[in-house]
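Participant: got a predicted model here, sequence first, then my questions.
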Amino acid sequence: MEARAHLRYARIAPRKVQIVLDLIRNQPADKAMAIIKNTPKAASELLEKLLKSAMANAENNHNMDRDSLFVSECFVTPGPTLKRIRPRAQGRAFRVLKRTSHITLVLKEQE
């Protein structure tokens, strides 16, 4: 039995999210929440909401025990990239890539 939560089209680059996901992988859910709250990264705010959502899904939809949950899987994949133009000297234009992410968090119960 597993509980999932997805965050699609998050306006943050995947490599920034990956740093925080590596910290919480295979951790108990309550410890993962503590790690996220004390990590000063932009992705922490998004992942905190996502972890709360996954815990609520586990408790309400799958009748899982909140105390025995752990992060079994967490990954990020790149979403669509917004292409923007930045004016530069002598009439040139440089492309700015605004990257998006699809984040998935999976919780399971420990045996």
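Facilitator: Okay, I see it.
Participant: how far away is the most far-flung residue of the chain relative to its centre from residue 83?
Facilitator: Distance from the centre of the chain peaks at residue 90, with 40.5 Å (CA atoms, centre = their mean). As judged by CB to CB, to the nearest Å, residue 90 and residue 83 stand 21 Å apart. All C-beta spots, glycine's among them, are computed from the backbone N, C-alpha and C.
Participant: next one: residue 103
Facilitator: Taking CB to CB as the measure, residue 103 falls 22 Å from residue 83.
Participant: so the two - more neighbours on which side?
Facilitator: Under the criterion of other CB atoms under 10 Å, the comparison of residue 103 against residue 83 puts residue 103 first, with 24 against 9.
Participant: wasn't the more buried one part of a strand?
Facilitator: Yes. Under DSSP: H, G, I helix; E, B strand; the rest coil, residue 103 sits within a strand.
Participant: now for the closest residue to it other than its chain neighbours, how many residues are close by?
Facilitator: With sequence-adjacent residues excluded and distances taken as CB to CB, 6 or more residues apart in numbering, residue 103 is closest to residue 7, at 4.3 Å. Using other CB under 10 Å, residue 7 is surrounded by 19 other residues.
Participant: CA atoms only: put whatever helix or strand residue 7 lives in into PDB for me.
Facilitator: Assigning secondary structure by DSSP states H and E places residue 7 in strand 2-10. This file holds the C-alpha atoms of strand 2-10, laid out as PDB (Å, rounded to 0.1, in the frame of the first residue of the first chain):
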ATOM      1  CA  GLU A   2       1.400   3.400  -0.900                       C
ATOM      2  CA  ALA A   3       0.200   7.000  -0.900                       C
ATOM      3  CA  ARG A   4       1.300   9.400  -3.600                       C
ATOM      4  CA  ALA A   5       1.200  13.200  -4.000                       C
ATOM      5  CA  HIS A   6       2.100  15.100  -7.200                       C
ATOM      6  CA  LEU A   7       3.100  18.700  -7.800                       C
ATOM      7  CA  ARG A   8       2.900  19.600 -11.500                       C
ATOM      8  CA  TYR A   9       4.300  22.700 -13.300                       C
ATOM      9  CA  ALA A  10       6.200  24.100 -10.200                       C
END
